[in-house]
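Visitor: Next comes the sequence, and after it the predicted model I'd like to discuss.
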Amino acid sequence: MSKDWVNEDWVNGLDVTTPTVVTGGGGFIGGHLVAQLRSLGFDQVRAVDRKPVDEWYQHFDDVDSQVLDLGHPDAARTAAEGMGYVFHLAADMGGMGFIEKNKALCMLSVLSSTNMLVAARDADAQRYFYASSACVYAEDKQTDADVTALREADAYPAMPEDGYGWEKLFTERMARHFSEDFGLQTRVARYHNVYGPSGTYDGGREKAPAAICRKVIAAKLSGRHEIEIWGDGEQTRSFMYIDDCVEGTLRLTASECRKPVNVGSSEMVTINEMVSMCEKIAGVTLERRYKLDAPLGVRGRNSDNELIAAELGWEPSIRLFDGLERTYAWIYDQMMSPSSAPSSAAPQVPVLSATP
Ligand code: NAD
């Protein structure tokens, strides 16, 4: 992770001597969060994931790395034991191709989410962060590619993304009631499409930026200058670079804001525009083939950042092109030495879609 944005002012209010656990620490965002906590001087960091440690994207010898399936209450208790800050990021998730075909699996994350809330309450945790998603937003507010950016209130009346989005909205609600009824200090971020190095780029769970980078690199290396795009490519999204995601996570956790907040970029692009950016980075032009019957998710989605700006005096600002350049470079290195990075164990499906 780059350190150029580190400015410790933004974690004022968090105490680096407080024992801290990150669930999903073997995953993409969790791995970067653990790395950043270390950089900031947190001296007792625990990372928990159900994957074997050799499949984690990032692993550090000075971090207490534990392999636990948080779907079991005892495992959640072990994860939270003695911890002051709890960051709950573990979830079964992936790009649209994954979540549309695995709704039950996504909803089963409610077990780990419930177990972690109970365990954090029983451990008297001081702060509890939950990684929610823009997939909580009502589908009827996202039918147009030229979408009005989503405000936090747009989650209700509820009609979220089937499966994955319902679990996220339910868990948000549960976090609110753990706060009101039990006094647990919960913070909830609605992440919008996070991307960056050290994450899934193949195997079926990858999301659009990584999938596009991979496909452009493969086309460039093979000399077959074509690319398959799901839908007509005119669906819109915003994408947040991982450094902004981690910074927003820590800023929100340090803040007094108890409402769910969008943590996302407000730079909206079409999938076609993102492909063009990747082509520019790669120095190639590809023939585009559109797969119109592929899973697409909502037609348009963007993050309204008025609330985060008001609450935190900050919002994600890393430009998509800049983040894509770094992501492309990392994926290129992985593809040149494929054994160096784990990829998802999920079955291979072609993914080039918009993402949750
Ligand atoms: P990821 O798949 O890379 O990481 C999630 C990790 O959770 C995985 O390593 C997985 O093994 C682990 N996990 C799943 N179930 C578990 C269980 N029962 N016990 C222990 N570990 C378990 O995903 P990510 O992109 O790093 O996402 C992190 C969080 O952010 C998730 O909650 C996700 O829903 C949320 N989110 C991500 C995005 C995004 O664009 N990446 C967008 C919105 C929300």
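Guide: On my side now, so go ahead. Residues are numbered from 1 along each chain as shown.

Visitor: Where does residue 77 fall, secondary structure wise?
Guide: For residue 77, the host element (DSSP states H and E) is helix 73-80.

Visitor: what does residue 281 give?
Guide: Residue 281 belongs to helix 271-282, assigned by DSSP H and E.

Visitor: which other helices and strands contact that helix?
Guide: The elements that helix 271-282 packs onto, with contact taken as 3 or more CB pairs under 8 Å, 6 or more residues apart in numbering; DSSP states H and E, are helix 208-222, strand 226-230, helix 320-336. (Each C-beta comes from the backbone N, C-alpha and C, glycine too.)

Visitor: Check which strands are paired with the helix or strand that it is followed by and give the direction for each one.
Guide: Sequence order places strand 287-291 as the next helix or strand after helix 271-282, per DSSP H and E. Take DSSP bridges as the rule and strand 287-291 pairs in its sheet with strand 226-230 (parallel).

Visitor: Show the subsequent helix or strand relative to the partner strand.
Guide: strand 236-238.

Visitor: and the helix holding residue 281 with helix 320-336, angle?
Guide: 60 degrees (axes from the mean of the first three to the mean of the last three CA atoms, to 10 degrees).

Visitor: Low-confidence bits of the stretch 151-300 of the chain, can you list those?
Guide: For the stretch 151-300 of the chain, no stretch is flagged by pLDDT under 70.

Visitor: try it again with 90
Guide: Counting by pLDDT under 90, the stretch 151-300 of the chain has low-confidence residues at 203-207, 230-231, 292-300.

Visitor: Name the residues that touch the helix holding residue 281?
Guide: For helix 271-282, contacts defined as CB atoms under 8 Å, 6 or more residues apart in numbering pick out 208-209, 212-213, 216-217, 220, 227, 229-231, 233-237, 239, 269, 285-286, 288, 320-321, 324-325, 328, 352-354.

Visitor: go on, stretch 308-327?
Guide: Applying CB under 8 Å, 6+ apart, the set of residues contacting stretch 308-327 is 2, 10, 195-197, 209-210, 213, 239-245, 247-248, 251-252, 255, 257, 259, 261-267, 269, 274, 277-278, 280-281, 305.

Visitor: Can you give me the buried ones in the helix holding residue 281?
Guide: Under the neighbour-count criterion of 16 or more other CB atoms under 10 Å, helix 271-282 has 271-272, 274-279, 281-282 buried.

Visitor: likewise stretch 121-137?
Guide: Quick answer for stretch 121-137 (16+ other CB under 10 Å): 121, 123, 125-137.

Visitor: rewinding a little: in strands, which of the contacts of stretch 308-327 fall?
Guide: Among the contacts of stretch 308-327, DSSP state E puts 195, 240-241, 261-263, 269 in strands.
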